[in-house]
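# What would the 3D arrangement of this be:
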Amino acid sequence: MHDKATPTRKRRRGTEGLFVRHSRRCATVSGAKCDCTPSVQAQIVIPKKKNGEKGQKIRRTFSGVGAKAAAQQWRADALSELGRGELTAPTRMTVAEVAEQWLADARKGTVRRKNGEEFKPSYVRTVADDLRLYVLPEWSAVRLSDISRHDVQAWADRMMGRGLSPSKISGAVGSLRTVLRLGVRRNVITRNPVTEIELPASNGRRERAASPAEAAELLAALPDAIRPIYATAFYGGLRRGELRGLKWADVNLATGEIHVERSWDDAAGEVATKSKKGRRIVPILGVLRDHLDEHKLRVPCEPTDFVFPAPRGGAFTPSVVRRAAAAAWAKENKKRADDEKPLLIAIGLHEARHTCVSIFAAGGIPLERIGDYVGHSSTYMTDHYRHLIEGQREQDRRQLDDYLARADTAARINAIT
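Residues are numbered from 1 along each chain as shown. The predicted structure follows:
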C-alpha cells in the first residue's frame, strides 16, 4: 500500500499496527534524516465471521506533537474494546445526523430516558441549544465510529481553555453523551465514547438555605401578589414548574394537603412532574396555611384555576416574580440601611425549596420522608420507606409546626405585618 502523502514509497512501519507518515517535502524522501513533524496512523483489524473473508481495517491518523503517543493510546483502547466485543466497523452516520434524529424522536417521545420516562420539553430545548452552540460546530461532520474518548476529552479541555464555565462545559459534554446514546441503542456504535471524561470543577457556589427567621423576614417584605408563591416554596418545597402548574383542585386547606400532580412548561404547557416521585402529597404547615388562606380570598379559586396565576391569566412568569421580589427586597434594604439593621439577602425559588429541605431536616423529619415530601429521587430516599407516609403525615405536620413556632417564625410574621 502506498502512502498518499508520499506516493513514491511505502509508509514506514513503526511499532506493530502503527505507520509513520512524513510530509511530501520531508528530507526522508531523499534518504536523509527527517526534518518534518510526521503523522502517525494507527490500525487494527476487525475479523470477519465468515471463512475466507478478509478482516475489516479501522484506521485513525494523529498529527502534531505527541502523535505517536496518541496513536498508541487509541490502538490500545480499540484493541481492548475489540476484545470485549464492543468495537464495530466504521459507520457513515455523523453526529449531525444522530443529533437531528435524537431531537425529532425526543420531541415525539419515541426516545426516552433510561427509566422509560419521556424527556421534559425544557431538557430537549437545553440539549438543542447545547448542540447548536457547542457540539455541532465541533462534531457536525464527524462519524460516530471515529469519535474516541481521547477526542472528547481534548474537546472539553479546549472549551475550558476558551474560558467557558464549568456548568456550560458539563452541559455540552452531557448533551453529546445523550445523543450518542441513541447511536448505541440503534447498534450504530457499541459503546458510547463520552465516558470517564474529566470535567473542570464547579465554581464552588453552594445553594443557600435561609433560616426560619430569615425566611419569615424575606416573605414579610414581599407584595401580596407573590408572597404566597415564595411561602409555598419555603414551607412546601415545590419546584418552580410545580408552583406554576398548581391548581386549587390540588390544594385541600381543610385536610392540610397539597397534591402535586403536574409541572408547567412555557412551550408545552402542562407536563408531568420531574420524576415519578414528583407526584406526591405535601403537608400544609400552619404558617403556610395562613398565607394560602389570605391568598385564596384575593384570587379566583375555581378548582381548575391556577393557584398562582399571572395578572392576565395563565401560569405566572418566573422572571416577573423574580424581578418583583428583588425590587421589594431592595426597597426593604434601603429602609434597613437607614435604621442600621441587617440587610436581607435575595433568594431564588430554587433556593427557597432548598430552604424547605433544611427546615424539614432541622425539624427532625427523617431524610427518607423529606424525600417523599419534596419529590427527591436520590438513592437514599428509596421506596422502601414510602409506606410510612400515610401514618406519619399528620405527626410530621405537628412536629414541623412546633419547630417553626420555637423558631419564632409566626411571631415575626405577625409583628411585621
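# Only C-alpha atoms from now on, for both contacts and neighbour counts.
Will do.
# For the residue nearest the centre of the chain, pull up the helix or strand it's in.
Closest to where the C-alpha atoms of the chain average out (CA atoms, centre = their mean) is Gly171, at 6.9 Å. Using DSSP states H and E, Gly171 falls within helix 166-185.
# Okay, helices next: where are they in the stretch 201-350 of the chain?
Remark: helices assigned in the stretch 201-350 of the chain by DSSP state H, counting those that start in this stretch are 212-220, 227-236, 240-245, 286-296, 318-338, 349-362.
# Show me how far the fourth one is from its chain's centre.
Using CA atoms, centre = their mean, to the nearest Å, the mean C-alpha position of helix 286-296 is found 33 Å from that of the whole chain.
# before we move on, the earlier item: next one: the helix holding Gly171 to chain centre, how far?
Taking mean C-alpha positions (CA atoms, centre = their mean), helix 166-185 and its chain are 10 Å apart.
# which residues touch it?
95, 98-99, 102, 111, 127, 130-131, 134-135, 144, 152, 156, 159-160, 189-195, 199-203 (CA atoms under 8 Å, 6 or more residues apart in numbering).
# ok, of these, which come out buried?
Buried by 16 or more other CA atoms under 10 Å: 95, 98-99, 102, 111, 127, 130-131, 134-135, 144, 152, 156, 159-160, 189-194, out of the contacts of helix 166-185.
# about what we covered before: please tabulate the helices of the stretch 201-350 of the chain in JSON lines, including the columns mean neighbour count, mean pLDDT and distance to Glu261.
Shown next, in JSON lines, are the helices of the stretch 201-350 of the chain (neighbours: other CA atoms under 10 Å; pLDDT from 0 to 100; distance: least, CA to CA, whole Å):
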{"stretch": "helix 212-220", "mean neighbour count": "20", "mean pLDDT": "93", "distance to Glu261": "26"}
{"stretch": "helix 227-236", "mean neighbour count": "25", "mean pLDDT": "96", "distance to Glu261": "14"}
{"stretch": "helix 240-245", "mean neighbour count": "24", "mean pLDDT": "94", "distance to Glu261": "8"}
{"stretch": "helix 286-296", "mean neighbour count": "17", "mean pLDDT": "94", "distance to Glu261": "18"}
{"stretch": "helix 318-338", "mean neighbour count": "15", "mean pLDDT": "92", "distance to Glu261": "19"}
{"stretch": "helix 349-362", "mean neighbour count": "22", "mean pLDDT": "86", "distance to Glu261": "17"}
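# Now distance to Ser63 too, for those helices, in TSV please.
Formatted as TSV, those follow (distance: least, CA to CA, whole Å):
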stretch	distance to Ser63
helix 212-220	59
helix 227-236	55
helix 240-245	49
helix 286-296	64
helix 318-338	49
helix 349-362	47
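# of the ones you listed, which approaches Leu404 most closely?
helix 212-220 (6.9 Å; CA to CA).
# And the closest one, what does it pack against?
helix 227-236, helix 409-416 (3 or more CA pairs under 8 Å, 6 or more residues apart in numbering; DSSP states H and E).
# redo that, cut-off 10 Å
Other elements packing on helix 212-220 under the criterion 3 or more CA pairs under 10 Å, 6 or more residues apart in numbering; DSSP states H and E are helix 227-236, helix 318-338, helix 349-362, helix 389-406, helix 409-416.
# Would you mind pulling the contact partners of the second one?
The reference is to helix 318-338. Residues outside helix 318-338 that contact it (CA atoms under 10 Å, 6 or more residues apart in numbering) are 217-223, 225-227, 229-230, 240-241, 243-244, 310, 339-349.
# Alpha carbons of that helix, as CSV, please.
Taking Å, rounded to 0.1, in the frame of the first residue of the first chain, the C-alpha atoms of helix 318-338 are listed here in CSV:
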residue,chain,number,x,y,z
PRO,A,318,-40.8,33.3,36.9
SER,A,319,-38.8,36.2,35.6
VAL,A,320,-41.6,38.7,36.5
VAL,A,321,-41.8,37.2,40.0
ARG,A,322,-38.0,37.3,40.4
ARG,A,323,-37.8,41.0,39.5
ALA,A,324,-40.7,41.9,41.7
ALA,A,325,-39.1,40.1,44.6
ALA,A,326,-35.7,41.7,44.0
ALA,A,327,-37.3,45.2,43.9
ALA,A,328,-39.3,44.6,47.1
TRP,A,329,-36.2,43.4,49.0
ALA,A,330,-34.1,46.3,47.6
LYS,A,331,-36.7,48.7,48.9
GLU,A,332,-36.8,47.0,52.3
ASN,A,333,-33.0,47.1,52.5
LYS,A,334,-33.0,50.8,51.8
LYS,A,335,-35.1,51.2,55.0
ARG,A,336,-32.9,48.9,56.9
ALA,A,337,-29.8,50.7,55.9
ASP,A,338,-31.2,53.9,57.3
